[in-house]
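Undergrad: pasting the structure only:
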């Protein structure tokens with residue numbers, strides 16, 4: 001358990017640094033608040049973006065190991081550490097001062113996330129086997145989320161919507177984490193069949209959720225600071241993962257006290273309020289909204 005927690009924390013550091021590098025690459029090459037298809041393809045040739053991708057992959061590998069050796073409800077929320085690191089690194093890199101509203105928003109994100117972790121430790125248990133019915137239920141819900149996300153994206157694609165990109169990416173990565181956890185449990189099953197235990201729809205679910213979530217994240221980098229991206233992913237992602245773990249995978253302990261359940265809900269709401277406040281008050285977000293408001297026609301044309 002302690003090794004898994006250590007890997008999750010180190011992974012959070014790599015994810016934070018990777019987010020910073022990718023954010024700089026995306027925003028330097030984008031003249032609009034949305035990443036177009038051609039721009040997304042062009043990022044693959046950008047050394048800074050690729051370096052950020054490498055750091056992100058290392059962080060993800062560490063996180064996958066943590067997911068494979070510890071309960072989802074313990075590992076996922078630990079990524080909140082990345083928020084603090086990203087905030088400090090980005091402030092130094094951009095040379096801006098963090099305003100009080102942003103500091104309070106980050107504090108709410110951290111307070112809610114940490115409280116959620118501590119309560120999750122008390123309310124959940126580790127699951128060593130997942131049924132096919134549980135897998136398919138998760139995949140069906142994910143399919144619905146993908147369809148809704150694409151529809152909302154299509155309707156709002158010409159507007160400055162960093163919160164949508166963050167929420168959508170967080171939900172998708174939350175499902176992705178659940179599927180990775182499921183895959184890891186099946187590969188390490190004592191029956192020795194390893195990858196023969198894994199169904200094709202698990203690979204498909206991980207690929208779809210991962211790719212679409214990545215596209216939304218790049219758009220979030222283009223329309224907001226990396227702190228917002230990390231805040232959203234470290235709050236929305238674990239909350240979604242934990243709720244699936246509790247409701248579908250059966251990670252909830254028996255006879256959990258009512259006060260624990262209520263406190264988990266409150267902690268989750270506090271963290272979400274922090275993300276919303278960060279999206280509203282961060283100086284970089286406010287500056288980019290003003291720029292978008294002054295040049296709406298040019299922005300839309302650049303997107304087209």
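TA: Cool, the structure landed. Predicted, not measured: the structure shown is a model, and the values here were computed from it.
Undergrad: which other residues reach the helix or strand where residue 106 lies?
TA: In this assignment (DSSP states H and E), residue 106 forms part of helix 100-123. With contact meaning Cβ atoms under 8 Å, 6 or more residues apart in numbering, helix 100-123 is reached by 73-74, 77-78, 80, 83-84, 87, 227, 231, 234-235, 238-239, 242, 246, 252-253, 256, 260-261, 263-264, 267-275, 277-278, 280-283. Every residue, glycine included, has its C-beta placed from N, CA and C.
Undergrad: need the helices for the stretch 51-200 of the chain, in chain order.
TA: Counting by DSSP state H, counting those that start in this stretch, the segments of the stretch 51-200 of the chain that form helices are 72-75, 81-94, 100-123, 132-156, 162-187, 200-223.
Undergrad: mind checking how far the third one is from the chain centre?
TA: If I follow you right, that is helix 100-123. Remark: helix 100-123 is offset 15 Å from the chain centroid, using Cα atoms, centre = their mean, to the nearest Å.
Undergrad: before we move on, what about the fourth one?
TA: In terms of Cα atoms, centre = their mean, the centre of helix 132-156 is set 16 Å apart from its chain centre.
Undergrad: in it, what's buried?
TA: Across helix 132-156, burial judged by 16 or more other Cβ atoms under 10 Å covers 134-135, 138-139, 142-143, 145-146, 149, 153.
Undergrad: Just give me the closest of those to residue 24.
TA: Among the buried residues of helix 132-156, residue 153 lies closest to residue 24 (Cβ to Cβ), at 23.9 Å.
Undergrad: check contacts around that closest one.
TA: Neighbour list for residue 153: 164, 168, 216 [criterion: Cβ under 8 Å, 6+ apart].
Undergrad: Where does pLDDT dip in the stretch 51-200 of the chain?
TA: Low-confidence segments of the stretch 51-200 of the chain (pLDDT under 70): 67-68, 71-77, 79-80, 96, 125-128, 159-160.
Undergrad: can we see that at 50?
TA: Low-confidence segments of the stretch 51-200 of the chain, defined by pLDDT under 50, are absent; every residue clears the threshold.
Undergrad: ok, residue 44 to residue 228 distance?
TA: Between residue 44 and residue 228 the computed distance is 24 Å (Cβ to Cβ, to the nearest Å).
Undergrad: okay, the two: which has more neighbours?
TA: Relative neighbour count places residue 228 above the other of residue 44 and residue 228, with 27 against 9, counting by other Cβ atoms under 10 Å.
Undergrad: how would you label the more buried one: helix, strand or coil?
TA: Following DSSP: H, G, I helix; E, B strand; the rest coil, the label given to residue 228 is helix.
Undergrad: what's it in contact with, if anything?
TA: When the contact criterion is Cβ under 8 Å, 6+ apart, the partners of residue 228 are 162, 166, 220, 275, 278-279, 282, 285.
Undergrad: swap in residue 9?
TA: By Cβ under 8 Å, 6+ apart, the residues touching residue 9 are 78, 81.
Undergrad: neighbours of residue 215, just the number please.
TA: Residues contacting residue 215 under the criterion other Cβ under 10 Å number 18.
Undergrad: packing partners for the helix or strand harbouring residue 48?
TA: Taking DSSP H and E as the definition, residue 48 sits inside helix 47-69. Contacts defined by 3 or more Cβ pairs under 8 Å, 6 or more residues apart in numbering; DSSP states H and E place helix 47-69 against helix 2-29, helix 72-75, helix 162-187.
Undergrad: So which residues of the stretch 201-304 of the chain form helices?
TA: When secondary structure is read from DSSP H, counting those that start in this stretch, the stretch 201-304 of the chain shows helices at 226-247, 258-281, 283-294, 296-303.
Undergrad: Pick out the shakiest of those, pLDDT-wise.
TA: When the helices of the stretch 201-304 of the chain are compared on mean pLDDT, helix 296-303 scores lowest, with a mean of 39.
Undergrad: quick one: residue 185 from residue 15, how far?
TA: When Cβ to Cβ is the yardstick, residue 185 and residue 15 sit 23 Å from each other.
Undergrad: Tell me who's in contact with residue 13.
TA: The contact partners of residue 13, taken as Cβ under 8 Å, 6+ apart, are 59, 81-82, 85.
Undergrad: Neighbour count: residue 185 and residue 15, which is higher?
TA: residue 15 (27 against 19).
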